[in-house]
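Chemist: for reference, the sequence and a predicted model appear below.
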Amino acid sequence: MESQIAERSLEQDHELFLRLKQDPAAVGEVYDLYADRLYGFILKRCGHKETAEDLLSHIFTKFLESVPSLEWKNAPLSAWLFKAASNALIDHYRRASTRLDSQLDEDWDPPGKDDPAWNTEIKIDSEQIRIAMKELPDRDQQVLDLRFFAGLEANEIAVQLDVTPNHAAVLVYRALGRLRQKIQTK
């Protein structure tokens with residue numbers, strides 16, 4: 001599935017978008033392509049399996065309802081979906097009026113086990129990473145979540161944050177540097 005996503009071009013997303021406009025049942029293909037990445041992104045942010053599942057369901061329901069009014073903006077479909085995920089999380093926290101600091105579900109496997117981001121040379125306790133992540137500014141947390149938990153590339157992060165792809169890559173690099181510093185000082 002990861003390789004399918006990595007190989008998708010903007011043209012392929014545009015073709016899928018056009019099919020969606022003709023036949024909303026094509027939302028199943030969008031779900032198959034992006035649900036795992038969205039789930040990982042949401043689960044990392046909320047830390048609760050059932051909440052992540054509920055929010056994912058809400059996002060795709062909203063997506064299906066929005067298809068008739070959506071307009072192509074020359075951006076990947078993932079941009080709309082991750083923006084909707086971010087908004088759903090914000091709404092969730094507003095309703096709960098608190099941000100959960102609970103741990104991630106232990107049975108969740110990160111996406112792309114062959115991804116170098118998950119196979120670093122330094123073996124770090126996951127709890128150390130969670131603590132260090134919470135100490136980072138919100139923007140750094142958002143950038144790292146989009147890159148490593150949602151699996152977005154710099155160009156997709158750029159669309160989410162309304163910056164250039166180069167700026168998005170720099171934001172990821174700097175956020176990783178700050179995370180590394182936090183971990184090394186512990």
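Modeler: Structure's in. What do you need?

Chemist: and the strands in the protein, which stretches?
Modeler: Taking DSSP state E, the chain contains no strands at all.

Chemist: any low-confidence regions in it?
Modeler: 1-7, 96-127, 186 (pLDDT under 70).

Chemist: which parts of it belong to which domain?
Modeler: In terms of domains, the chain is parsed into 1-105, 114-186 (source: automatic domain parsing).

Chemist: centre of the chain to the longest one, how far?
Modeler: From the chain centre to the centre of domain 1-105 is a distance of 8 Å (CA atoms, centre = their mean, to the nearest Å).

Chemist: count of residues packed around residue 139?
Modeler: 12 (other CB atoms under 10 Å). For glycine as for every other residue, the C-beta is placed from the backbone atoms N, C-alpha and C.

Chemist: ignore what I typed, I meant residue 10.
Modeler: Residue 10: 12 neighbours (other CB under 10 Å).

Chemist: could you do residue 150 as well?
Modeler: 26.

Chemist: for it, which non-adjacent residue is spatially closest?
Modeler: Spatial nearest neighbour of residue 150, chain neighbours left out: residue 41 (3.7 Å); criterion: CB to CB, 6 or more residues apart in numbering.

Chemist: helices along the protein, start to end?
Modeler: 2-7, 10-22, 27-46, 49-66, 77-96, 126-135, 138-144, 154-161, 165-184 (DSSP state H).
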